[in-house]
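J.: sequence and predicted structure are below.
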Amino acid sequence: MKYDIDTLCHRCLADIGDFRRFGTPGGFAEEEYIFRDNNSPILGVAHLDTVFDDKSHDMFVEYKNKTGSIHEVISPRLDDRLGAYVLLDLLPRLGITLDILLTTGEEHGASTADIFAVDCKKKYNWIVEFDRAGTDVVTYQYGDETLDNLLKNYGFKLGCGSFSDISVMDELGCKAFNVGIGYHAAHTTHCYANLGELTGQIRKFARFYKNNRDVFLPHQYEPLRQAYTYGWGGKYEPWWDRGYSWSKKDDGEAENLREMLGYNYDEDDLYAGGKEDDDPIYRKPGYDPGPEELRENGLITDD
């Protein structure tokens, strides 16, 4: 699978305001979402806010292997700008059409997805989010035997997650799941993505989409009862306190609760990606491909 690394770099380093041209802004001044209706029965979700919104942390590094292929990239903003790249750039190139929701506030547990869920008048067959480390898939409060088995049929490994945008979207009445996209060491300055892992996950999703695009997966909404602190100070009600069961049972694969929740990297390992003989390519902070490069790639037109 071929990746446009220049565009991925631009997505990672862009300001949130730069994404408004891709859809219609909604919400409020400090609680914004961006929505694009592509006339699809499926909604794709990613969040634009990152733990490192300060420009001083701007960084994008490519790692090439001995054959010259880029196999890893490093950026503190891959969570979840990589998801935005998947929705805006990668899936359309593969012929996969989704409505797109780009949220803010996810990193402090106040995702604007809940505002969208109230504003939204459209009915979807199901929702997919691309905001997950590694190569599993999580279903939060949406998990049941039908959905779990369906995902397993396409090769997805079920994991267990704590929170993302779709955790506050169940009033839309359809199932949702969050697909791992191969990034690791999230919320650190050495967050990296393995493009081989991303390729495997996207191929699974492409097959799932092809066969289930027109299948409605219903979900029964239960109103929130209690809010808990999450992440960087926001509040939400965790799905495990809403009468739902774990998406993944502790069958010995998870060494501890942190691993079950997706924190499966060594916090003391400051070297996150690449090999000693790899060739790193560093991008300058604030990198922007510019209008000519964007025009060549079909990202903007003269209209």
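T.: Done, it's in.

J.: between the two ends of stretch 60-71, what distance do you get?
T.: 14 Å (CA to CA, to the nearest Å).

J.: buried stuff in it?
T.: Neighbour counts over stretch 60-71 (16 or more other CB atoms under 10 Å) mark F60, V61, E62, Y63, I70, H71 as buried. Using the backbone N, CA and C atoms, a C-beta is placed for each residue, glycine as well.

J.: export those residues to JSON lines and tack on pLDDT, secondary structure and distance to F116?
T.: Output for the buried residues of stretch 60-71, formatted as JSON lines (pLDDT from 0 to 100; DSSP: H, G, I helix; E, B strand; the rest coil; distance: CB to CB, whole Å):
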{"residue": "F60", "pLDDT": "94", "secondary structure": "strand", "distance to F116": "29"}
{"residue": "V61", "pLDDT": "93", "secondary structure": "strand", "distance to F116": "33"}
{"residue": "E62", "pLDDT": "92", "secondary structure": "strand", "distance to F116": "34"}
{"residue": "Y63", "pLDDT": "89", "secondary structure": "strand", "distance to F116": "36"}
{"residue": "I70", "pLDDT": "87", "secondary structure": "strand", "distance to F116": "34"}
{"residue": "H71", "pLDDT": "89", "secondary structure": "strand", "distance to F116": "35"}
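
J.: show me which of these is closest to V168.
T.: F60 (30.1 Å; CB to CB).

J.: you'd agree that closest one is up against L13?
T.: Yes: contact criterion CB atoms under 8 Å: F60 and L13 qualify, at 6.2 Å.

J.: farthest pair within the buried residues of stretch 60-71?
T.: Across the buried residues of stretch 60-71, no pair lies farther apart than F60 and H71, at 15.0 Å, counting by CB to CB.

J.: what number of residues lie near F216?
T.: Using other CB atoms under 10 Å, F216 has 13 other residues around it.

J.: where along the stretch 51-200 of the chain do the helices fall?
T.: Per DSSP state H, counting those that start in this stretch, the stretch 51-200 of the chain carries helices over the ranges 78-85, 91-93, 113-119, 145-153, 195-212.

J.: orientation of the last one relative to helix 78-85 in degrees?
T.: Compare the direction of helix 195-212 with that of helix 78-85 by axes from the mean of the first three to the mean of the last three CA atoms, to 10 degrees and you get 50 degrees.

J.: low-confidence ranges in the chain?
T.: 224-303 (pLDDT under 70).

J.: helix or strand: which one has D6?
T.: helix 5-13 (DSSP states H and E).

J.: C-terminal to that helix, what's the next element?
T.: For helix 5-13, the following helix or strand on the C-terminal side (DSSP H and E) is strand 24-28.

J.: that next one pairs with which strands?
T.: Sheet pairing for strand 24-28, assigned by DSSP bridges, gives strand 31-36 (antiparallel).
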